[in-house]
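Colleague: structure for this input, please:
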Amino acid sequence: MELFIEFLTNTGFYLADYRNIIMLFVGCFFIYLSIAKEYEPLLLLPIGFGVIVGNIPFFKGFGLGIYENNSVLHYLYFGVTSGLYPSIIFLGLGAMTDFTPLLARPKLMLLGAAAQMGIYFTLLSALALGFVPKEAASIAIIGGADGPTSIFLTAKLAPHLIGPIAIAAYSYMALIPIIQPPIMRLLTTRKERLIRMPEDKREISQKELLIFPVMGIILCCFLAPASIPLLGTFFFGNIMKVSGVVDRLAKTAASAILDTATIFLGLTVGASTQGDVFLTPKSVEIFALGAVAFSIATASGIVFAKIMNLFLKHKINPLLGAAGVSAVPGSAREVHSVAQKEDPHNFLLMHAMACNASGVIGSAICAGILWSFMMA
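Modeller: Have a look, this model is predicted:
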């Protein structure tokens, strides 16, 4: 009887507390959003399931939890805490990215830079709320709407906040269809939303596509050397794609390798949200600041596009500014969708992808700059 009672006290039913139950509901909600609503299923499904895995109560010392040194989950989590998974994901993103729209319209690169204002505004807000500088910098990068970059910087500056920051970053990326459209409509008039962008008049040569990643890595990483782990792999993936001589490597990077890193990153980030670690007042503040960061980043891009139009003979559609965040390709799709609702013949997708590509580079540079400042 004593053995039976001891067995019962070691079960999850006995060990569970209210925080585990809350997080189990959160995990189920993420899974629901990914399957029923199809909100970024490649991200939310593994994260949601990871939340469930991480919040099944267990007897401490068995080597089961993600924070126990000898557990399988802990070894998988090393890819998060070391920044390995984000770098691999950037390699795959580079192998998938086509810089043709950006090179055809280089002025749209400014919108990707403008959208990073959300990062610096949130940095000041987090400092005002009492977060220490390294924590504030990690929270601020959520404004770039780039999950891998958020995880990479947090792993370097504030690893104890990886769980809430990663969940916040990926949650807002998944909720782009809910968050961004109201901001777009609020800050633009119908006349502005109806602006059509001209078709490309200049063909981009193979030589330009080859030169861009080489010059990109040199210029960006000379400016912010701390961004090498992200932009180094990003531009390497891109030059593999455009070179045409290593198609097999480029396709592997953009498919199998990228998918593998995404699976492990999502699962382990979700599992890191153990109720006793995750449910704290700081997590609530991080989610609130993340929403502010993402909203300001979206608004900054739109407002800057309107400012640019004051000086341009051929106006650009201000909606494109919302794609300056690094949420590839979700924000670009949403910009295109909002424009199509006003005019079904207004095609902004490729133009928005140019801003998106610029946003990826911009957020990685910002992360490198913040890392350099905070470690100085």
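Colleague: how near is the spatially most central residue of the chain to His74?
Modeller: By CA atoms, centre = their mean, the chain has its centre lying nearest to Asp146, at 2.0 Å. To His74, Asp146 is 25 Å away according to CB to CB, to the nearest Å. Placement of C-beta: from N, CA and C, glycine included.
Colleague: now Thr298
Modeller: Thr298 is 36 Å from His74, where distance means CB to CB.
Colleague: so the two - more neighbours on which side?
Modeller: Neighbour count, other CB atoms under 10 Å: between Thr298 and His74, Thr298 has more, with 30 against 18.
Colleague: wouldn't the more buried one be in contact with Pro181 here?
Modeller: No. With contact defined as CB atoms under 8 Å, Thr298 and Pro181 do not form a contacting pair (9.9 Å).
Colleague: for stretch 284-302, buried residues please.
Modeller: 285-287, 289-302 (16 or more other CB atoms under 10 Å).
Colleague: quick one: contacts for Ser138?
Modeller: 150, 153-154, 157-158, 161, 165 (CB atoms under 8 Å, 6 or more residues apart in numbering).
Colleague: kindly list the main-chain dihedrals of Thr97?
Modeller: The phi/psi pair for Thr97 (degrees, to the nearest 10) reads phi -80, psi 130.
Colleague: for stretch 115-133, buried residues please.
Modeller: 115-123, 125-127, 131.
Colleague: from the chain's centre, how far out does it sit?
Modeller: Centroid displacement of stretch 115-133 relative to its chain, using CA atoms, centre = their mean, to the nearest Å, is 17 Å.
Colleague: cool, and stretch 353-366?
Modeller: 11 Å.
Colleague: what are the ranges of the helices in the stretch 201-350 of the chain?
Modeller: Along the stretch 201-350 of the chain, counting by DSSP state H, counting those that start in this stretch, helices occupy 206-223, 233-243, 247-252, 258-271, 275-278, 281-309, 330-342, 349-375.
Colleague: once you drop chain neighbours, what's closest to Pro159?
Modeller: Excluding its sequence neighbours, the residue lying closest to Pro159 (CB to CB, 6 or more residues apart in numbering) is Thr81, at 5.7 Å.
Colleague: that neighbour and Gly266: what is the separation?
Modeller: For Thr81 relative to Gly266 (CB to CB), the value is 15 Å.
Colleague: who's more crowded, the two?
Modeller: Counted by other CB under 10 Å, Thr81 and Gly266 do not tie: Gly266 has more neighbours, with 24 against 17.
Colleague: please list all residues in contact with the more buried one.
Modeller: Gly266 touches 42-43, 45-47, 50, 170, counting by CB under 8 Å, 6+ apart.
Colleague: narrow those residues to those in helices?
Modeller: 42-43, 45-47, 50, 170 (DSSP state H).
Colleague: what's the straight distance from one end of stretch 244-259 to the other?
Modeller: Its start and end residues considered, stretch 244-259 measures 22 Å (CA to CA, to the nearest Å).
Colleague: list the buried residues in it.
Modeller: By neighbour count with 16+ other CB under 10 Å, stretch 244-259 contains the buried residues 250, 253-254, 257-258.
Colleague: export the residues you listed to a markdown table and append columns for pLDDT.
Modeller: Formatted as a markdown table, those follow (pLDDT from 0 to 100):
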| residue | pLDDT |
| --- | --- |
| Ala250 | 96 |
| Ala253 | 96 |
| Ala254 | 94 |
| Ile257 | 95 |
| Leu258 | 94 |
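Colleague: closest to Ser363 among those?
Modeller: Taking CB to CB as the measure, Ser363 lies nearest Leu258 of the buried residues of stretch 244-259, at 17.9 Å.
Colleague: so which of the buried residues of stretch 244-259 is the closest to Cys355?
Modeller: Ala254 (21.0 Å).
Colleague: quick one: the closest one and Phe294, what's the gap?
Modeller: Taken as CB to CB, the span from Ala254 to Phe294 is 26 Å.
Colleague: what does the lowest-mean-pLDDT helix or strand in the chain contact?
Modeller: Taking mean pLDDT, DSSP states H and E as the measure, helix 2-9 is the helix or strand of the chain with the lowest mean score, a mean of 72. The contact list for helix 2-9, computed with CB under 8 Å, 6+ apart, reads 14-15.
Colleague: now swap in stretch 177-191 and tell me
Modeller: Residues from elsewhere that reach stretch 177-191 (CB under 8 Å, 6+ apart): 39, 172, 193, 291, 294-295, 298-299, 302-303, 306, 318-319, 322, 330-331, 334-335, 337-338, 342.
Colleague: buried residues in that stretch, which are they?
Modeller: Neighbour count says stretch 177-191 has 177, 179-181, 183-184, 187-188 buried, by 16+ other CB under 10 Å.
Colleague: from the residues you listed, pick the one nearest Ala136.
Modeller: Using CB to CB, Ile179 comes nearest to Ala136 of those, at 22.0 Å.
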